[in-house]
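Student: what's the 3D shape of this:
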Amino acid sequence: MTSSAAAARPPAGDNPHLAPGAECWGEQDAPVAVLAVHGRTQSPADMHALAERLDVEGLRWHAPAAAGRTWYPYGFMEERPHDDPWLAWSLEAVDAHLGRLAAAGYPPEKVVLLGFSQGACLLAHWALLHPARYAGLVLLTGGYVGTEDETVSFSGSFGGMPALLAGCEADPWVPRTRMAQTEAWLRSLDARLTSLIEPGSEHEVTATAAELTARLLRHTVSATAGR
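Tutor: Okay, here's the model as predicted:
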């Protein structure tokens with residue numbers, strides 16, 4: 001990765017995203033955990049509602065809460081202040097919650113990373129900075145963080161990790177070009193990607209996106225439980 005893609009690490013102990021914690025639900029001994037990251041102005045309750053809509057058994061859900069319900073206070077393609085700490089705090093929060101899942105018996109190969117909107121952007125950026133063979137990656141209307149003119153470079157391999165990138169052609173918050181750039185990077189790093197770009201301008205989890213997400217989760221549970 002280049003320094004333009006990575007965020008400067010904030011001072012230790014200052015991260016406001018580490019205080020709210022996370023809401024957890026689902027089966028205690030589920031074979032697969034889902035790190036579910038909410039969007040701007042949302043909360044773990046929104047991810048809980050999405051989980052109920054998907055209705056997939058065999059999952060342990062772990063949904064972190066952002067301080068003030070927002071991971072960073074600017075658009076994901078807007079210029080960031082040089083000394084901006086928010087993106088680094090958000091990335092550090094993902095690290096921390098994945099550490100908690102690992103301590104609870106969920107190493108990377110048993111964890112699906114799933115985000116919506118700002119949560120999808122955060123997880124897209126985090127995953128490209130840390131490519132590894134997770135159980136899966138689901139990005140619902142999102143792309144990696146950075147301005148259109150910012151030069152980014154990512155390296156490593158997802159090792160054939162199943163992934164889904166879903167959005168709408170004219171989404172006013174997530175440009176089609178950034179979804180295409182994110183798709184290209186995921187494929188170049190060996191993610192086994194399903195890309196769903198639907199007509200329209202909705203910024204939501206469409207019925208088709210929900211169906212594909214549920215299918216990926218069920219397949220992951222089946223594959224992981226059978227090992």
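Student: please enumerate the helices of the protein.
Tutor: With DSSP state H as the criterion, the chain has helices at 44-54, 86-103, 118-129, 176-188, 207-225.
Student: can you say which of the ones you listed is nearest to His17?
Tutor: For His17, the closest of the helices of the chain is helix 86-103, at 3.9 Å, according to Cβ to Cβ. For glycine as for every other residue, the C-beta is placed from the backbone atoms N, C-alpha and C.
Student: now do Asp83, the pLDDT please.
Tutor: With respect to pLDDT, Asp83 scores 86.
Student: right, so the helices of the chain: which one is the most enclosed?
Tutor: Comparing the helices of the chain by mean neighbour count (mean count of other Cβ atoms under 10 Å), helix 118-129 comes out on top with a mean of 27.
Student: what angle do it and helix 44-54 make?
Tutor: Relative orientation of helix 118-129 versus helix 44-54 (axes from the mean of the first three to the mean of the last three Cα atoms, to 10 degrees): 90 degrees.
Student: any idea of the angle helix 118-129 forms with helix 176-188?
Tutor: Angle, helix 118-129 to helix 176-188, by the same axes, to 10 degrees: 40 degrees.
Student: could you give the angle of helix 118-129 to helix 86-103?
Tutor: When the same axes, to 10 degrees is applied, the directions of helix 118-129 and helix 86-103 differ by 80 degrees.
Student: who touches helix 118-129?
Tutor: 1, 5-6, 35-40, 42, 47, 70-72, 76, 87, 90-91, 94, 113-115, 134, 137, 139-146, 154, 158, 174, 182, 185-186, 189 (Cβ atoms under 8 Å, 6 or more residues apart in numbering).
Student: quick revisit: for Thr194, find the nearest of the helices of the chain.
Tutor: helix 207-225 (6.3 Å).
Student: packing partners for the closest one?
Tutor: Secondary-structure packing of helix 207-225 (3 or more Cβ pairs under 8 Å, 6 or more residues apart in numbering; DSSP states H and E): strand 32-37, helix 44-54, strand 111-116, strand 136-140, strand 162-168, strand 192-198.
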